[in-house]
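# got a structure for you, letters missing:
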């Protein structure tokens, strides 16, 4: 599917509304700030999440044919766990396209587990006839800020070590390769984050929870990365 061309070619009153599913973790789910002691753990903002921003951007391409969005993000999830819900939440819904976004929690798993699970997701989606885009993750924090919620400061130290020590880079590189060897296009948001860091931007301040959830404004980087590949012919 070439989603951009599909929208451009649609003729009123054509009603073939395309459906795009977004499979991912807390960022895809819509999580932003963390809450000290709250059982939910996060503030969710479904207006600000990147796929809703993308939906609004696609309306500029065709203002009368909306794109149907399925939010299959689950806070705390990873690629390994997502395999157990793939049939129910994605394949069974028969979307025209699926965007896969995992790495933030997977970085706690061994690299081979992440790459194997991600590859299995790609393969099962394509076997079901569903075209796939891999959307790379955002960066993690690079230090522990004083305004990090106290209950999460120990973990913030761990994630900072993952980012500064190259572990996150290695996971994203391996995931890119897993997509590319299968001919799956990569919407490289992570590269955009790295470019910001090289320009002197404090990445930790770009994270709503000071660990791994981008601020509302930073969700536009995911949109930019996706718009760069949505004008390609993406086949299952």
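Now that the structure is in, tell me what you want to look at. It should be emphasised that the depicted structure is a prediction, and the values quoted were computed from it without experimental measurement.
# Where does pLDDT dip in this structure?
38-40 (pLDDT under 70).
# Show the contacting residues for the closest residue to residue 150 other than its chain neighbours.
Spatially, and ignoring its direct neighbours in sequence, residue 150 is nearest to residue 36 (6.5 Å; CB to CB, 6 or more residues apart in numbering). Any C-beta I mention is one placed from the backbone N, CA and C, and that applies to glycine too. Residues in contact with residue 36, defined by CB atoms under 8 Å, 6 or more residues apart in numbering, are 149, 150, 151.
# Filter those down to just the ones in helices.
Secondary structure from DSSP state H places none of the contacts of residue 36 in helices.
# just the buried members of those residues?
Buried members of those, counted by 16 or more other CB atoms under 10 Å: residue 149.
# Which of the contacts of residue 36 sits closest to residue 13?
residue 149 (50.1 Å; CB to CB).
# ok, the residue nearest to residue 34 when sequence neighbours are not counted - how many residues close by?
Excluding its sequence neighbours, the residue lying closest to residue 34 (CB to CB, 6+ apart) is residue 209, at 4.2 Å. Neighbourhood size, residue 209 [other CB atoms under 10 Å]: 22.
# Residue 48 too?
Neighbours of residue 48 using other CB under 10 Å come to 17.
# ok, now residue 114?
23.
# what about it, helix or strand, and which?
Using DSSP states H and E, residue 114 maps to helix 111-127.
# Just after that helix, pick out the following helix or strand.
Defined by DSSP H and E, the subsequent element after helix 111-127 is strand 132-135.
# gap between residue 86 and residue 46?
22 Å (CB to CB, to the nearest Å).
# Over to residue 121?
Distance from residue 121 to residue 46, by CB to CB: 23 Å.
# and the two? which has more neighbours close in?
residue 121 (23 against 11).
# Might you report the residue contacts of the nearest residue to residue 130 once chain neighbours are set aside?
Excluding the flanking residues, the one nearest residue 130 by CB to CB, 6+ apart is residue 98, at 5.2 Å. Applying CB under 8 Å, 6+ apart, we find residue 98 in contact with 20, 21, 22, 23, 90, 125, 130, 131, 132, 133.
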